[in-house]
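> next input, structure requested:
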Amino acid sequence: MIMHKHKILSHCGIQTLMSILREEFWILKSRRIIRKALKTCTVCKRFDAKHSEVQAAPLPEDRVRDSATFETTGIDLAGPLYLRDGSKAWVVLYTCAVYRAVHLELVTSLTTDKFLLSLRRFIARRGRPSIIYTDNGSNSAGSDQALNKVDWNKIKDDTSVSRIQWKFIPPSSLWWGGFCERLIGLLKTTLRKVLGKASLRGDIVLIESTAKRINWPLGKVVQLIEGKDGVVRLVKIRTKQGDLLRPIQRLYPLEVSSPNDGDLRKLIEGPTICEKVSAIFRVIPHR
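Numbering: from 1, shown residues only. Down below sits the predicted model:
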């Protein structure tokens with residue numbers, strides 16, 4: 001009788017079966033008897049079977065060794081977020097695989113170009129990572145192919161950097177990126193509480209001037225260009241790549257002094273602007 005009811009009720013559980021039977025019968029020690037009867041059901045045995053447990057593999061060395069923040073980085077995307085003009089935006093999450101620091105960037109599409117721009121903004125703010133873990137999406141795979149076309153030897157000579165090593169997560173092993181997916185869940189929960197169903201205005205700015213000051217190109221002022229009112233607002237800078245025209249607001253004096261040059265502060269704030277021509281400056285990159 002118990003097995004007949006169990007099959008009619010689509011192989012229900014112990015509690016449901018016991019409640020249905022008590023509508024017609026009162027079985028003494030019903031829970032123990034029903035549990036014993038259900039153990040003989042082959043269908044339930046097949047679906048309730050537990051998989052064999054495998055000991056988890058140790059974490060990769062680059063995720064547990066002592067390193068700088070964001071030296072080993074994981075990348076994942078969350079979204080879309082709906083903007084006021086009807087367009088959509090996505091959040092690119094960069095997380096340090098060692099210290100779990102988080103950096104967020106906003107992109108308006110999932111194209112390779114937009115992803116590369118977000119990567120440039122991340123590197124300008126946090127520094128260049130050595131290893132990047134990411135999924136096998138079309139945007140990440142495309143960016144890796146685009147980076148292969150870059151002349152890394154020239155970049156290495158100019159900025160003393162080496163190539164970023166990309167490690168793609170296999171499509172059938174998504175748990176490899178669990179350290180990113182967990183933070184994506186926290187991000188969505190936070191945005192849901194703060195934003196709700198509100199539509200936002202999307203403003204994206206390319207941050208280049210926030211790069212480390214040591215990476216700003218070094219140049220020397222060789223010519224002052226006066227405006228119609230006689231005020232100098234533009235200068236010609238001689239750099240390693242050639243002569244450039246830059247506004248004075250985009251120049252930063254080199255913080256060094258020597259007995260031959262005298263006090264740099266006096267040179268910059270001298271009585272005549274012509275004395276500044278020989279000053280050494282760092283050129284702040286474009287925004």
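> which ones are touching Cys44?
Cys44 is in contact with His11, Leu38, counting by C-beta atoms under 8 Å, 6 or more residues apart in numbering. (Glycine included, C-beta is placed from N, CA and C.)
> what segments of the protein are strands?
Along the chain, counting by DSSP state E, strands occupy 72-82, 88-96, 102-107, 131-134, 165-168, 218-226, 232-239, 242-247, 251-253, 280-283.
> mind checking which of those strands is nearest Leu28?
For the strands of the chain, the distance to Leu28 is smallest for strand 72-82, at 55.6 Å, taking C-beta to C-beta.
> that closest one pairs with which strands, parallel or anti?
Here strand 72-82 is paired, per DSSP bridges, with strand 88-96 (antiparallel), strand 131-134 (parallel).
> Asp229: which of those is closest?
Closest to Asp229 of the strands paired with strand 72-82 is strand 88-96 (C-beta to C-beta; 43.4 Å).
> return the set of buried residues in the closest one.
Ala89, Trp90, Val91, Val92, Leu93, Tyr94, Thr95, Cys96 (16 or more other C-beta atoms under 10 Å).
> returning to that earlier point: ok, which of the strands of the chain comes nearest Gly185?
When the strands of the chain are compared by C-beta to C-beta, strand 72-82 sits nearest Gly185, at 9.0 Å.
> can you give me the buried ones in that closest one?
Thr72, Thr73, Gly74, Ile75, Asp76, Leu77, Ala78, Gly79, Leu81, Tyr82.
> can you give me the angle that strand makes with strand 102-107?
When axes from the mean of the first three to the mean of the last three C-alpha atoms, to 10 degrees is applied, the directions of strand 72-82 and strand 102-107 differ by 40 degrees.
> now strand 72-82: mean pLDDT?
Across strand 72-82, pLDDT averages out at 80.
> likewise stretch 3-14?
For stretch 3-14, the mean pLDDT works out to 81.
> what does stretch 220-237 give?
Mean per-residue pLDDT for stretch 220-237: 80.
> report the buried residues of it.
Across stretch 220-237, burial judged by 16+ other C-beta under 10 Å covers Val221, Val235, Lys236, Ile237.
> give me the distance between the first one and Leu116.
Between Val221 and Leu116 the computed distance is 33 Å (C-beta to C-beta, to the nearest Å).
> neighbours of Gly219, how many?
Neighbour count of Gly219, defined by other C-beta atoms under 10 Å: 23.
> bridged to it, which residues?
When bridges are called by DSSP bridges, Gly219 pairs up with Thr239, Phe281.
> cool, the one 5 residues further on as well?
On DSSP bridges, the residues paired with Leu224 through beta bridges are Val235.
> pretty sure it contacts Val235?
Yes: Leu224 is in contact with Val235 according to C-beta atoms under 8 Å; the separation is 5.6 Å.
> excluding its backbone neighbours, what's nearest Ser87?
What sits nearest to Ser87 in space, not counting adjacent residues and going by C-beta to C-beta, 6 or more residues apart in numbering, is Thr108, at 6.5 Å.
> which regions of the stretch 151-287 of the chain lie under the pLDDT threshold?
151-163, 170-175, 177, 194-215, 252, 254-287 (pLDDT under 70).
> ok, back up a step: of all the buried residues of strand 72-82, which comes closest to Leu59?
Lowest distance from Leu59 to the buried residues of strand 72-82 (C-beta to C-beta) belongs to Thr72, with 10.9 Å.
> give me the nearest residue to the closest one, chain neighbours excluded.
Leaving aside its sequence neighbours, Thr72 sits nearest to Ala97 (C-beta to C-beta, 6+ apart; 4.3 Å).
> next, count neighbours for Leu191.
For Leu191, using other C-beta under 10 Å, the count is 14.
> ah, wrong one, I meant Tyr133
Tyr133: 25 neighbours (other C-beta under 10 Å).
> name the residues linked to it by a beta bridge.
Under the criterion used (DSSP bridges), Tyr133 bridges to Gly74, Lys167.
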